[in-house]
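A.B. asks: Sequence first, predicted coordinates after that:
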4 protein chains.
Amino acid sequence: MPESTGADHDGQGAERRRGAGRPRSQSAHRAVLEAAYAILEEGGIEHFSIDRVGRRSGVARTTIYRWWPSKAALAIESFFNQFEPQVAGPRSGVPDDDFRALVRSLVAALAGPAGRVAASVVAHAQGDKETQRRFRENFSDPLRKQSTEILESGIARGTFRPDLDIARVIDAFVGAVYFRLLIGSTLDRDWADALSTTVLDGCRRAG
Amino acid sequence: MPESTGADHDGQGAERRRGAGRPRSQSAHRAVLEAAYAILEEGGIEHFSIDRVGRRSGVARTTIYRWWPSKAALAIESFFNQFEPQVAGPRSGVPDDDFRALVRSLVAALAGPAGRVAASVVAHAQGDKETQRRFRENFSDPLRKQSTEILESGIARGTFRPDLDIARVIDAFVGAVYFRLLIGSTLDRDWADALSTTVLDGCRRAG
Amino acid sequence: MPESTGADHDGQGAERRRGAGRPRSQSAHRAVLEAAYAILEEGGIEHFSIDRVGRRSGVARTTIYRWWPSKAALAIESFFNQFEPQVAGPRSGVPDDDFRALVRSLVAALAGPAGRVAASVVAHAQGDKETQRRFRENFSDPLRKQSTEILESGIARGTFRPDLDIARVIDAFVGAVYFRLLIGSTLDRDWADALSTTVLDGCRRAG
Amino acid sequence: MPESTGADHDGQGAERRRGAGRPRSQSAHRAVLEAAYAILEEGGIEHFSIDRVGRRSGVARTTIYRWWPSKAALAIESFFNQFEPQVAGPRSGVPDDDFRALVRSLVAALAGPAGRVAASVVAHAQGDKETQRRFRENFSDPLRKQSTEILESGIARGTFRPDLDIARVIDAFVGAVYFRLLIGSTLDRDWADALSTTVLDGCRRAG
DNA sequence: AGATAACCGAGACGGTACGTCATGTCTTTAC
DNA sequence: GTAAAGACATGACGTACCGTCTCGGTTATCT
């Protein structure tokens, strides 16, 4: 039994020991994740249920429970299965531009249906330490890492103030995006740029 | 997903027509809201159910359904019934200090049990326009109003840059606080102050 | 909530208090018992399940659980609902004839489909004190009462020995019938008569 | 309902072919039967399951299924594996005494834990012809054989009536014991003796 | 005073979903 | 060929809530 949320069911990690026993059905696994994501996208976590995923995917409920310990675990896994490889991209080397691009891509990623799903998922992670961890690892941390790189390179170049509190800057712009998503306000490019401008103003060398 | 959340059923607003018929039981109404909030505080919206509220308050489930159209409606109503008159306070007149105090009081308000409830409630407002409206009116708007006053007075005094995008500044710090709450990170005074510093840095007159 | 197995849900007992609340649906109640008995008759208790009863009767599973605490309780109730008014009949006054008639009617009652159901039900009552009580009250006790009357009248008339151990006689013939039923041997009139003869031989005045 | 119960898989019968392939594990076989009986004794057939037997014996479920076609088959096999060599004993030659001793030993055998298991097993043999056959062969027939010998010797000696319907007498006392077992009443020596007395009264020469 | 409203409580009803357990089948590796 | 391991579809278990629906009683105001 997988320890908590995840189920690593990777395979890409080379030699998985492959002991005796009927091998896990990859198709069933995929079908579950796809059905789960589809349901999430259509009705949010509100209408998400293991029962429904089972019916839709054609996979027995018990099989689902074998691999995902709870409804939340499945929801978050199916979400990150789709969302993971989103916010990234080439760097220009100009800190301001790179930051702006990062904010834009984050906003773009969350503006679509995936945004509603993300909001739904995090929202329901209240008190579920495991889900929060997963969210941090798969969403927050990569985002923080990229932002940090950009901001640090800005400091190195002398564009940004040397005493910049990078962690707080990230808190500010990520929080702004996410809160707006939750609150149901529109997320578009103009807003993203305005936010970038405001945040970047605080990053520059003090006169 | 329920959309009409509210139920105005107040009565304090003067002339409520007051036709024939048994008048609404104020005690039952109060008992429901109190029980609802208590449940919310103890177990979050996860363990919140009309059944439970009914049992705890001693009010029949049907009576609850008569006045609140859904679980979400009751949850949010019971929340704002307690939370409304929170973030406020006297002003010193020094923009930096006032801003810092505002952030501190917001963080303090959300750090306690009420914070978990707030997170819970907003979280579950996904897609429920009515709840989002209520949240904006009772929580966001007052906060924005106070923040705006402080920031504008700072601009007037020349402490803050004249071209400050006030709305974005507010987005940033409120979002930061709320996101941190959602994500389960600690909310304390130090963090509040660090955030204030970072935000205020962006507000000052450019060199 | 009904204490254990039964649920008296009678109604014939005059005034049933009739407190507040939606009145119980007699039709649902009847549908459940009928469906339950039909399933019992078709496949024995082996294929009996609350799920199935629910589907067949068109009554929600939860409603069934409201009234019957377990599968066994429902099974036995539905059985006695049909079987109760069976073994009885007028007396001739001649003890031998009456006894013979009683055995015949018992055998006849258990030879049909009801017999298989009875066997099934008692069989599965292993360890279930409540079911055993019900079975004793609704099946064994009435049978014992009638047998006792017949045997006592035979003693009074001088046909049967005065020191007859009535309880053991009843144990013997009832057990014989039931065991034969369980073991899958044929139950017919000839066997019933042969059994009666053997038992009656032991009842007569000693030479 | 399963019909083929047996599975001959013994092997002690001489030449078992012994072709290619991994030889059958005697230890696994024994472990299964022992675990099965232990479970039967502890919780009756109610708590008996292939799953549990597998876990307890450390034998794979699939292996069990290879050798026993169903839960009932395994239950009855494990039961008779223990119970078979029970009711027997030396004869005194005095028919009354021998009969009394037989009844006592039958009651004693069924009064202990084995009795509950026996009841459980037969009970669940409803409709399973194969199990009924096994039960008859291993339990009823030996008992009938011994009883018949005793009763016939009694007839030969002139103690018992010559027209005694032996089969019915056996039906009566065996049935009485078994029914009492099923019904959950106490089985003890006094009751056994009272039953013997009553039955023997019917066996004596008519005055 | 009596009718008429609107309310409250109790409780039953058909449902959906939960998470667990057992069934019997199938598929793979290891002896 | 047999054993062990384990995945699978199926289906039942008993529980918690959902939202709806009757009922019997209880206050009020409006004739």
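C.D. replies: Received it, and whenever you're ready, just let me know what you need.

A.B. asks: near DNA strand F, which residues of chain A show up?
C.D. replies: A:19-25, A:28-29, A:58-63, A:66-67 (CB under 7 Å from any atom of the strand). The C-beta positions use only the backbone N, C-alpha and C, and glycine is treated the same way.

A.B. asks: Strictly from the record, what residue spans define the domains of chain A?
C.D. replies: A:26-72, A:84-203 (automatic domain parsing).

A.B. asks: Now, of the residues of chain A next to DNA strand F, which are buried?
C.D. replies: Buried residues within the residues of chain A next to DNA strand F, counting neighbours by 16 or more other CB atoms under 10 Å in any protein chain shown: A:Ala28, A:His29, A:Val59, A:Thr63, A:Trp67.

A.B. asks: Give the other helices and strands that the least confident helix or strand in chain A by mean pLDDT contacts.
C.D. replies: Lowest on mean pLDDT, DSSP states H and E among the helices and strands of chain A sits helix A:129-135, with a mean of 79. Judged by 3 or more CB pairs under 8 Å, 6 or more residues apart in numbering or on different chains; DSSP states H and E, helix A:129-135 is in contact with helix A:71-83, helix A:113-123.

A.B. asks: thinking again about what came up before, need the least confident one among the domains of chain A, by mean pLDDT.
C.D. replies: Note on these: lowest mean pLDDT is at domain A:84-203, with a mean of 88.

A.B. asks: can you tell if that one touches DNA strand E?
C.D. replies: No: residues of domain A:84-203 are not located near DNA strand E by CB under 7 Å from any atom of the strand, the shortest gap being 11.2 Å.

A.B. asks: Can you show me the helices along chain A?
C.D. replies: A:26-43, A:50-57, A:61-67, A:71-83, A:95-111, A:113-123, A:129-135, A:141-157, A:166-183, A:189-203 (DSSP state H).

A.B. asks: the inter-axis angle of the fifth one versus helix A:71-83?
C.D. replies: Using axes from the mean of the first three to the mean of the last three CA atoms, to 10 degrees, one finds that helix A:95-111 and helix A:71-83 are set 130 degrees apart in direction.

A.B. asks: got a list of contacts for helix A:95-111?
C.D. replies: Residues outside helix A:95-111 that contact it (CB atoms under 8 Å, 6 or more residues apart in numbering or on different chains) are A:83, A:86-89, A:91-92, A:115, A:118-119, A:143, A:146-147, A:150-151, A:153-154, A:157, A:159-160, A:173-174, A:177-178, A:181, A:187-189, A:191-193, A:195-196, A:199-200.

A.B. asks: one more time with 7 Å, if that's ok
C.D. replies: The contact list for helix A:95-111 (CB atoms under 7 Å, 6 or more residues apart in numbering or on different chains) reads A:86-87, A:89, A:91-92, A:118, A:143, A:146-147, A:150, A:153-154, A:157, A:159-160, A:173, A:177, A:181, A:187-189, A:192-193, A:195-196, A:200.

A.B. asks: go on, the fourth one?
C.D. replies: Applying CB under 7 Å, 6+ apart, the external contacts of helix A:71-83 come out as A:5-6, A:33, A:36-37, A:40, A:45, A:48-50, A:53, A:64, A:68, A:114, A:117-118, A:121, A:124-125, A:128, A:131, A:134-135, A:138.

A.B. asks: Kindly supply the ChimeraX command isolating those of those residues that are buried.
C.D. replies: A single ChimeraX command suffices to select whichever of the contacts of helix A:71-83 are buried according to 16+ other CB under 10 Å:
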select /A:5,6,33,36,37,40,45,48,50,53,64,68,114,117,118,121,124,125,128,131,134,135,138
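
A.B. asks: And the residue nearest the centre of chain A?
C.D. replies: A:Phe139 (3.6 Å; CA atoms, centre = their mean).

A.B. asks: and A:His47, how many neighbours does it have?
C.D. replies: Using other CB atoms under 10 Å in any protein chain shown, A:His47 is surrounded by 11 other residues.

A.B. asks: likewise the one 5 residues further on?
C.D. replies: Other residues within reach of A:Arg52 by the criterion other CB under 10 Å amount to 15.

A.B. asks: from memory it sits against A:Ile39, does it?
C.D. replies: Yes: between A:Arg52 and A:Ile39 there is a contact under CB atoms under 7 Å: 5.8 Å.

A.B. asks: Can you give me every residue that contacts A:Ala114?
C.D. replies: A:Gln82, A:Phe83.

A.B. asks: Look up how far DNA strand E lies from it.
C.D. replies: A:Ala114 is 22 Å from DNA strand E, where distance means CB to the nearest atom of the strand, to the nearest Å.

A.B. asks: swap in A:Ser105?
C.D. replies: According to CB to the nearest atom of the strand, A:Ser105 stands 33 Å off from DNA strand E.

A.B. asks: same thing with A:Phe135?
C.D. replies: 19 Å.

A.B. asks: and that residue, what does it touch?
C.D. replies: So A:Phe135 contacts A:Ile76, A:Val122, A:Ala125 (CB under 7 Å, 6+ apart).

A.B. asks: so how many other residues sit close to the second one?
C.D. replies: Spelled out, it's A:Val122. 25.

A.B. asks: Just put the contacts of A:Phe135 in CSV and tack on distance to B:Asp98.
C.D. replies: Below are the contacts of A:Phe135 laid out as CSV (distance: CB to CB, whole Å):
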residue, distance to B:Asp98
A:Ile76, 40
A:Val122, 32
A:Ala125, 34
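
A.B. asks: what residues does chain A put near chain C?
C.D. replies: By CB under 7 Å from any CB of the partner chain, no part of chain A sits against chain C.

A.B. asks: Quick one: residues contacting the residue nearest to A:Ser78 when sequence neighbours are not counted.
C.D. replies: Spatial nearest neighbour of A:Ser78, excluding adjacent residues (CB to CB, 6 or more residues apart in numbering or on different chains): A:Ala36 at 3.6 Å. Under the criterion of CB under 7 Å, 6+ apart, the neighbours of A:Ala36 are A:Val53, A:Leu74, A:Ala75, A:Ser78.

A.B. asks: And A:Ile155, by the same measure?
C.D. replies: Contacts of A:Ile155 by CB under 7 Å, 6+ apart are A:Pro162, A:Leu164.

A.B. asks: With the one 10 residues further on instead?
C.D. replies: Contacts for A:Asp165 (CB under 7 Å, 6+ apart) come out as B:Ala194, B:Thr197, B:Thr198.

A.B. asks: Would you confirm that A:Ala125 contacts A:Gln132?
C.D. replies: Yes: taking CB under 7 Å as the definition, A:Ala125 is a contact partner of A:Gln132 at 5.3 Å.

A.B. asks: and chain A, which residues reach chain B?
C.D. replies: A:44, A:46, A:119-120, A:122-124, A:126-127, A:132, A:136, A:140, A:165, A:168-169, A:171-176, A:178-180, A:182-184, A:194-195, A:197-199, A:201-202, A:206-207.

A.B. asks: Now do A:Gln12, the pLDDT please.
C.D. replies: So, for A:Gln12, pLDDT stands at 38.

A.B. asks: For A:Thr148, which non-adjacent residue is closest in space?
C.D. replies: A:Ile166 (5.7 Å).

A.B. asks: how close does the one you found get to C:Glu46?
C.D. replies: Here A:Ile166 is placed at a distance of 69 Å from C:Glu46 (CB to CB, to the nearest Å).

A.B. asks: before we move on, what about A:Leu102?
C.D. replies: 65 Å.

A.B. asks: same thing with A:His29?
C.D. replies: From A:His29 to C:Glu46 the distance is 35 Å (CB to CB).

A.B. asks: what do you get for A:Arg189?
C.D. replies: 67 Å.

A.B. asks: Comparing these two, which shows the higher neighbour count?
C.D. replies: C:Glu46 (17 against 12).

A.B. asks: Nearest to chain A, out of the contacts of A:Asp165: which one, please.
C.D. replies: B:Thr198 (3.9 Å; CB to the nearest CB).
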